[in-house]
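Undergrad: Pasting a predicted model and its sequence here:
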Amino acid sequence: MSSLRCHVFVSALLFISIVPFSQQVLNEHNQKLEWIVGKWRSEFSGKIFWPTVPTMTFGEELVINEAPIAKSANVQFLNFSARAWSHSTKDHFHDEWGFLTVDPVGNATLMTTGNNGFTTYETGTVSPNKLVLTLKDIGRISFSRDLPVEDLRRTFIRHDDRYMEQVIEMRTATHPKVGYLEHTRVVYTKLK
């Protein structure tokens, strides 16, 4: 991803974070994601797995809410934010902000940027209570200490009215050679 596109995306995120919006009604395409909209939180059910790091537990808050239609593009995105922390030490792990939408033929797109130095563009399919996204493009700052991510699959599954799960699987430059390895799994409770 070019540095110009990253700069524009980050600038838009900063604008979104400081300008309050009124709650909007989901358009006909984004109604397919109505089940994911809300504030979700896990205090300690998140698990990190990776061959080069110790397995650990984390908490995370995920907020997905309606946003106004961008008149310049006539597209409605959902605002997406995630904040994760260590369960044991309460140290901050990372933040992730972005936008989620569904196009007229039912394809979902999630664009995120995080304070870990990554910007991602993911696409996939949405079905009742399930969203599966795969990486299409990734940008990263030059001095990131993480191994280069080569592929990623993110799955959201809503189990019932109270619980939703997110699983992130990925492949880096060193693990695995093909396919994906599970990196994180977290079960959220929906907050009122």
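TA: That came through fine.
Undergrad: mind listing the helices for the chain?
TA: Secondary structure of the chain, counting by DSSP state H: helices at 3-18.
Undergrad: where in it is pLDDT low?
TA: Scanning the chain for pLDDT under 70 picks out the ranges 1-24.
Undergrad: Select the longest strand from it.
TA: strand 53-70 (DSSP state E).
Undergrad: Quick check: buried residues in it?
TA: Neighbour counts over strand 53-70 (16 or more other Cβ atoms under 10 Å) mark Phe58, Gly59, Glu60, Glu61, Leu62, Val63, Ile64, Glu66, Ala67 as buried. Just so you know, the C-beta spots here come from the backbone N, C-alpha and C atoms, and that holds for glycine as well.
Undergrad: repeat for stretch 74-94
TA: 75-87, 93.
Undergrad: Same check on stretch 127-138?
TA: In stretch 127-138, counting by 16+ other Cβ under 10 Å, buried: Leu131, Val132, Leu133, Leu135, Ile138.
Undergrad: Next up, the contacts around the residue lying closest to the last one once chain neighbours are set aside.
TA: Translated: Ile138. Sequence neighbours aside, Thr120 is the residue nearest to Ile138 in space, at 5.2 Å (criterion: Cβ to Cβ, 6 or more residues apart in numbering). Thr120 makes contact with Gly98, Leu110, Met111, Thr112, Thr113, Leu135, Asp137, Ile138, Gly139, Leu152 under the criterion Cβ atoms under 8 Å, 6 or more residues apart in numbering.
Undergrad: Now intersect the buried residues of stretch 74-94 with the strands, please.
TA: Counting by DSSP E, the buried residues of stretch 74-94 contribute 75-86, 93 to strands.
Undergrad: Tell me the one among the buried residues of strand 53-70 nearest to Asn30.
TA: Of all the buried residues of strand 53-70, Glu66 has the smallest distance to Asn30: 8.0 Å, by Cβ to Cβ.
Undergrad: Can you tell me how far that closest one is from Val25?
TA: Distance of Glu66 to Val25, given as Cβ to Cβ, to the nearest Å: 7 Å.
Undergrad: Gln76 too?
TA: For Gln76 relative to Val25 (Cβ to Cβ), the value is 9 Å.
Undergrad: and what of Asp160?
TA: 24 Å.
Undergrad: What segments of the chain are strands?
TA: Under DSSP E, the chain gives strands at 38-50, 53-70, 75-86, 92-102, 107-114, 118-127, 130-140, 149-158, 163-172, 181-191.
Undergrad: now those strands in TSV, with distance to Gln31?
TA: As requested, the strands of the chain are exported to TSV (distance: least, Cβ to Cβ, whole Å):
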stretch	distance to Gln31
strand 38-50	14
strand 53-70	11
strand 75-86	10
strand 92-102	8
strand 107-114	12
strand 118-127	10
strand 130-140	13
strand 149-158	15
strand 163-172	17
strand 181-191	18
